[in-house]
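>>> With the sequence up front, the predicted model follows.
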Amino acid sequence: MVGQHDLPIPTYEEATSSRAASDYGAENDTLLQQQATSSSRRHGRNDGYRPPTVESVRSSIESSFLEEFASPRSSAESLQREMIQMEVMEGGDVEGGSNRGSGYLRLSFSKRFSSISSSLSAISLPRNPFRGIRFRIPSVPCCANLDSGAMVPIYRLLAVLFALIVVYILLANDAFNFRGTMGSDYLGPFDPESVRTFAQKEIDKGKIRHWLDYISSFDHMAGTEGDYVLAKYVQGEFSSFGLRTQRMRYDVYLNYPQKGGRRVWMDEPKWEAVLEEPVVNKKHQNTLVFHGHSKSGSAKGPIIYANYGSREDFKALESQGVNVKGAIVLMREGGTQKDRGLKIKAAEDKGAVGALLFTDPKTEGWDWPDSAVQRGDVGLMSWVVGDVLTPDTPAIPESHQVSKVNNKGLVNIPSLPLSYKDARPLLLAIKGKGKKVNDTWVGGVPQIDEYWTGSIDSSPTVNLKNEQVERDRQPIWNILGEVEGVDKLDEKIIIGSSRDAWCFGASDPNSGTVIMLEVARIFGKMMEFGWRPKRGVIFASWDAVQFNLIGPTEFIEEAGDGVRDSVFAYINLDAAITGTHFTASGSPAMQSVMNTVLGRVRDPVTHKILNSTWAAQDMPGPGVRGAYVPFQYHAGISSIDISFSGKGFPYHSCYDNFAWMKDIMDPTFMYHETLTKIVTFLLLELSDTEIIPLSMSDYVQSLDKHTKALQSWVTTKAAADTSKHEVDLSPLTKAIATAQGYITKFTERKEGWMEQSLDGTYTQNDDWAVANRRSRGLRMGNFDKHLSYTGKGGGLPGREWFKHLVLSPQTWGGTYTGYFPSIRDAIDEGDWELAQKEVQKVANIIEKASRKLLDESTLS
């Protein structure tokens, strides 16, 4: 049978017809609705996109992957559950214990060699054409006078022949083909170093290259035909590795551009923006240029330049007497306000009627193509994460949708992205008008020798048109695949990557997708040899991440509180290969295990051990624009985002294609190979060690460091406050000192069940010792969760979806994750009384979380 890797790579038109690579070689299995001809399809896509033909109702089987999260498990019951699993306690001894039931997620893998009879019973023998006919073997004259002893050699020969016939039948019927049933017969434990060595040797750059070539060969924006093709493709690959898979559909609000529905122009001087990018590869169709979650409509007004569009930038304009009310505001991407939604919100709050964003080569730090356009989402993630019409609830058919009018997750003025080639005429048109800007506002657009703000009275009038298609219930598809752990009661790890892209998405996000696929393939290969991790691993291909992180958010909201008790770590891979410098950000609990992993991997160019060159002695917190957001900030699951990054790449542009990756970024795919090794080793550390390897010492050190930074920041803010307000941070510093004592006691604890021999194995392996080691790991796995305020009305004030009180984004922080966001937000808004209340609340939760490391039964 032809394997998936042998299928031809289709063009976009071929991929969206009935013969996509995700058909798995089936001649007549149509994924997408067949169009009459390529040309008719082309003309039929007036808005640039056609939704695939899929089931109209949510399949009942989709709930099966969520069944394991259906019964929340309190942390106080963790050791009791372990005792039941080890048969030290009877199940009836636990009050309120929940039965997972038959719906619990299980991989349907058969035993490889359970018994001779079970193997033979699986054989489907050919129909016997002589069934029902009786006959007797005639006597052989030459053998008639032989005694029974003389017949023994003949009987033996017949037995050998019969055995050969049975073996032939078994092979002919593929009885020993374990594809699809791999991994159910655990033959471990295996030596960890041997597992790592096997996994490292198994990495195949050729497969990674092939996957990226195919996945980036056509556009796959969320909810489109190409997206559905890749959803089916990834699911098929997971299945081929032996993972139990599932496709989970959500119906969400998405917007798409209309061809001819977007324009930016001036009547005097006469000029109109090109808007669209040039077609880099004639075989591939570009997506149209637009902003996700942008406001439909038209606007008209004088053009004003507002630097990066931060609130401070608009205050600077006001201080110079430059008014933006009624204006179209021109802003640079990135810089001091990296969140494009907040740029537009800040302009809207000052009375602007429209916004234009362009990518500045000086900000990007590399030779950004002059005609490249950075698409992106402008949803207001500081207030609503995920589907903006079903906030705090999963976007399933029965969910109520709120209105788009006055929606906290949507901006209220139209916007469009521009290339800097299109921005140049606008900057030239306002030269000498308004105020000349200072050096920090000067960009790098060629042929612009002076930057001016423009003026309401003298700037030329710009027209902005943004008419689009809006779909309130557009299907998207998350793809999940699981490797079942040996310990079914232990918590799990999820590793995920976004799949949808603004165009071809070779680096962002699908360098992460292909690395995740290779790791999943390696795990499946090891399962063929009887290996399984101690803890279960779920591989996730998220959809609509580019649109306000919809896919992972809807999953977390549907899984509910149960996911907090069933998952202890999340690994994120999105724009995995965009440079040559290793970077990682996430929960401080992940710092130590990351260092351990990097100590086993060398840089592909310098050949230095990576943990000797990794600059992050104090790993920064995760950002606010990745699939880790709902895991870390809402569910309190310790998360980490890892990549090789650099100065810049064609971010959210059609220039981010396979040609750029193979010709410029990673021609030999050595960085893909290295990051695959890092991810595999990290996943093995988290899933297959006796005790969950999280670090509480690193966490409390990070808390102490950022508390001192907060004190310095508060002092500066108080000095600038004319009303002379202050905030007393002593409750927070005392709480961290108390936490340091609890964590030191926890870390330095010595028990017999913790003792290890020289080879790293534990000396005590009775039920009590094993259960205590599991409990210790679970306590560390719960630390981030215990820093999250999940009670009624819990979370950050006014933004209760964000539950983590220590690590969460500030309201206007852009892509920066600030420690103690509620305290900072309150002071930024001048509410010093609220800030003091938040100090006490954060101090209480830090002290309580650290105490629970020693006393797991402490009530919340």
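Ah, there it is. Numbering: from 1, shown residues only.

>>> tell me which element the residue lying closest to G530 once chain neighbours are set aside is part of?
In space, and not counting its chain neighbours, G530 is closest to L187: 2.9 Å by C-beta to C-beta, 6 or more residues apart in numbering. C-beta: built from backbone N, CA, C; applies to glycine. For L187, there is no host helix or strand (DSSP states H and E).

>>> residue contacts, L187?
Neighbour list for L187: F529, G530, W531 [criterion: C-beta atoms under 8 Å, 6 or more residues apart in numbering].

>>> Which pLDDT value does the model give it?
For L187, the pLDDT comes out at 70.

>>> from the contacts of L187, which is closest to S511?
Nearest to S511, judged by C-beta to C-beta, of the contacts of L187 is W531 at 27.1 Å.

>>> Let me know the secondary structure of the residue nearest to the closest one when sequence neighbours are not counted.
Nearest non-adjacent residue to W531, counting by C-beta to C-beta, 6+ apart: F190, 5.4 Å away. Going by DSSP: H, G, I helix; E, B strand; the rest coil, the secondary structure assigned to F190 is coil.

>>> Phi, psi for F190 please.
Main-chain torsions, F190, degrees, to the nearest 10: phi -110, psi 150.

>>> One more: R600?
According to degrees, to the nearest 10, R600 has phi -110, psi 0.

>>> Just give me the neighbour total for it.
16 (other C-beta atoms under 10 Å).

>>> wait, isn't it in contact with E193?
No: here R600 does not reach E193: they are 9.7 Å apart, not a contact under C-beta atoms under 8 Å.

>>> which intervals of the stretch 601-750 of the chain have sub-threshold pLDDT?
615-617 (pLDDT under 70).

>>> Can you show me the strands along it?
638-645 (DSSP state E, counting those that start in this stretch).

>>> quick one, helices of it?
Per DSSP state H, counting those that start in this stretch, the stretch 601-750 of the chain carries helices over the ranges 610-613, 629, 658-660, 670-688, 696-720, 730-747.

>>> right, so the ones you listed: which one is the most enclosed?
helix 629 (a mean of 28; mean count of other C-beta atoms under 10 Å).

>>> Measure how buried the residue nearest to W531 is and give me the count.
If we define neighbours as other C-beta under 10 Å, then F190 has 16 of them.

>>> Against V486, how distant is it?
Computed as C-beta to C-beta, to the nearest Å, the F190 to V486 distance reads 11 Å.

>>> cool, H725 as well?
56 Å.

>>> got the contact list for L418?
V264, A273, L275, L356, L357, F358, V373.

>>> at 10 Å what do you get?
264, 273-275, 289, 330, 333, 356-359, 373-374, 424, 426 (C-beta atoms under 10 Å, 6 or more residues apart in numbering).

>>> go on, L517?
Neighbouring residues of L517 by C-beta under 10 Å, 6+ apart: 207-208, 211-212, 215, 233-234, 237-238, 241, 481, 497, 510, 539, 541, 676.

>>> Tell me the buried residues within the residues you listed.
Neighbour counting with 16 or more other C-beta atoms under 10 Å marks 208, 211-212, 215, 233-234, 237-238, 241, 481, 497, 510, 539, 541, 676 as buried within the contacts of L517.

>>> which one of those sits closest to E467?
Once C-beta to C-beta is applied, the member of the buried ones among the contacts of L517 that ends up nearest E467 is N510, at 30.1 Å.

>>> I'd say that closest one and V545 touch.
No: here N510 does not reach V545: they are 11.6 Å apart, not a contact under C-beta atoms under 10 Å.
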